[in-house]
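Chemist: based on what follows, work out the 3D shape:
(one chain, ligands or ions: 1)
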Amino acid sequence: MSLNKKEVCQIEESAAEDLEAKRLKDLHELAQEKKIRRVGVLTSGGDAPGMNGLIRSVTRASTYYGLEVMGIRRGYHGLWKGDMSLLTARDVSDTLQRGGTFLMTARSETFTTEEGLKRAAAMADVFNLDAIFCLGGDGTWRGAQTLTDAGVCTMALPATIDNDIAASDYCIGYDTAMNTAIECVDKLRDTASSHERCSVVEVMGRHNGYLAMTVGIATGAEIILIPEHPADFMDDVVSKILSARNRGKRHYIVIDAEGVGDAAEIARHIEETTGIESRASTLGYVQRGGNPSLRDRYLASMMGVYAVEALLSGRKNRAIILRGGEICDIDIHEANASKKSISESIYKKAEILAF
Ligand code: F6P
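Modeler: As a prediction, the model looks like this:
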């Protein structure tokens, strides 16, 4: 008896469903065997929109599989202090749409010392944490690695508006921050155009220009200044602005990544050298706030569940990343080994588009 195409598809679908049901049952059983009973979750470094969504998904998935969750307050500093309490599935209700992190965050000096690390690792023992989900950017991931090396199981999740984690194509918060920034730059362009001015806009990014580059392209900036691509002031700024004026442009938008230099100083320099009135705006912390975008909520939801299931499947000390559109996990040491760069080709395209 031969089957038609539709029947073959139905059999394949039901086999895939059976496999998925078995996988979930196995995860339940693993959790019930009590190999992993209690996990911690913390947010560290600069906050990012979508962090709450990550805390929520980690908490909901963990409790779904029968684990207890401890919410650690103020990142590694809170771990060091033992500042944590039980988080239930209901405690994370009404958080998905909120910016910031309700667990609060900090940049801990104490944790970076040998003594501090020892004490933080000991706290994981005191509170019986079988694993800690560490949510944040590259600094947070390095912290997760040091904890791992000190014997604590960690699972790192990417959340930073800087999008500077090399191993992951995307970090939670980046989309929301970009959208906030382009809304501001669009407004600045209206006034710059009316006055035929140059508008220098400083966006966040101390060590990398991902945000600046993307926002610059999306707002049609004439010039994008990023730390990865040192610019010559006369060739890359002044002469470009003057030639843009000669081609009939009525405004000149310069997007400057925080790490490159102070916007006010750059604007003053431009005005002195070109004679074109220039104004500076620093977007600052407004970029870190606000309700997360759909992309950040969705990915935060998916990544958190993925992280918990990876842990229950026996994978430890992993970094959860997005690669080629797929969520996957790699060893935390491997994840921290590379540095993110911006390709010359993107830089060149931005130049072409500004013509
Ligand atoms: O979160 C990353 C980041 O926003 C950087 O772009 C910026 O330089 C830095 O945080 C500012 O951090 P802080 O909150 O410590 O002032």
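
Chemist: any idea which helix or strand comes after the one helix or strand residue 305 maps to?
Modeler: In this assignment (DSSP states H and E), residue 305 forms part of helix 294-312. Note on helix 294-312: by DSSP H and E, the next helix or strand toward the C-terminus is strand 318-323.

Chemist: and the average pLDDT for that following strand is what?
Modeler: Mean pLDDT, strand 318-323: 98.

Chemist: tell me what angle the helix or strand just after it forms with strand 318-323.
Modeler: Using DSSP H and E, the next helix or strand after strand 318-323 towards the C-terminus is strand 326-331. Per axes from the mean of the first three to the mean of the last three C-alpha atoms, to 10 degrees, the angle that strand 326-331 makes with strand 318-323 is 140 degrees.

Chemist: now the helix or strand just after strand 326-331, how far from the centre of its chain.
Modeler: Using DSSP H and E, the helix or strand that follows strand 326-331 in sequence is helix 332-337. Using C-alpha atoms, centre = their mean, to the nearest Å, the mean C-alpha position of helix 332-337 is found 16 Å from that of the whole chain.

Chemist: same for helix 332-337, what does it pack against?
Modeler: When contacts are defined as 3 or more C-beta pairs under 8 Å, 6 or more residues apart in numbering; DSSP states H and E, helix 332-337 packs onto helix 138-149, strand 154-158, strand 318-323. Quick note: C-beta positions are derived from backbone N, CA and C, even for glycine.

Chemist: among these, which is nearest the ligand?
Modeler: The ligand lies closest to helix 138-149 among the helices and strands packed on helix 332-337, at 8.6 Å (C-beta to the nearest ligand atom).

Chemist: quick one, helices of the protein?
Modeler: Under the criterion DSSP state H, helices of the chain are mapped to 5-32, 51-64, 75-81, 114-126, 138-149, 174-195, 210-218, 239-246, 263-274, 294-312, 332-337, 344-353.

Chemist: what about the residue of the stretch 1-150 of the chain found nearest the ligand, distance to residue 107?
Modeler: Taking C-beta to the nearest ligand atom, the ligand has its nearest neighbour within the stretch 1-150 of the chain at residue 46, 2.1 Å off. Using C-beta to C-beta, to the nearest Å, we find residue 46 at a distance of 8 Å from residue 107.

Chemist: which one's more surrounded, these two?
Modeler: Set residue 46 next to residue 107 and count neighbours by other C-beta atoms under 10 Å: residue 46 wins out with 23 against 17.

Chemist: contacting residues around that one?
Modeler: 105, 136, 137, 160, 161, 162, 288 (C-beta atoms under 8 Å, 6 or more residues apart in numbering).

Chemist: same question for residue 81.
Modeler: Per C-beta under 8 Å, 6+ apart, neighbours of residue 81: 74, 123.

Chemist: low-confidence ranges in the stretch 151-300 of the chain?
Modeler: Judged against pLDDT under 70, the stretch 151-300 of the chain has no low-scoring part.

Chemist: residues of it that sit close to the ligand?
Modeler: Within the stretch 151-300 of the chain, the positions lying close to the ligand (C-beta under 6 Å from any ligand atom) are 160, 161, 162, 204, 205, 206, 258, 288.

Chemist: excluding its backbone neighbours, what's nearest the second one?
Modeler: In this structure, residue 161 finds its nearest non-sequential neighbour in residue 177, 3.7 Å apart by C-beta to C-beta, 6 or more residues apart in numbering.

Chemist: tell me how many other residues surround that neighbour.
Modeler: 33.

Chemist: that one reaches residue 204, doesn't it?
Modeler: Yes - at 7.3 Å, residue 177 and residue 204 qualify as touching, with contact defined as C-beta atoms under 8 Å.

Chemist: who touches both of these two?
Modeler: 161, 211, 287, 288.

Chemist: what two of those are the furthest from one another?
Modeler: Using C-beta to C-beta, the two most remote members of those are 211 and 288, lying 10.7 Å apart.

Chemist: which neighbours do those two have in common?
Modeler: Shared contacts of residue 211 and residue 288, counting by C-beta under 8 Å, 6+ apart, come down to 161, 177, 204.

Chemist: and residue 32, what's its pLDDT?
Modeler: At residue 32, pLDDT is 66.

Chemist: check residue 10 too.
Modeler: 84.

Chemist: from residue 296, how far out is it?
Modeler: Counting by C-beta to C-beta, the gap from residue 10 to residue 296 is 36 Å.

Chemist: more neighbours: which of those two?
Modeler: The residue with more neighbours, out of residue 10 and residue 296, is residue 296; 30 against 12, by other C-beta under 10 Å.

Chemist: need the nearest residue in space to that one, chain neighbours excluded.
Modeler: residue 50 (3.4 Å).
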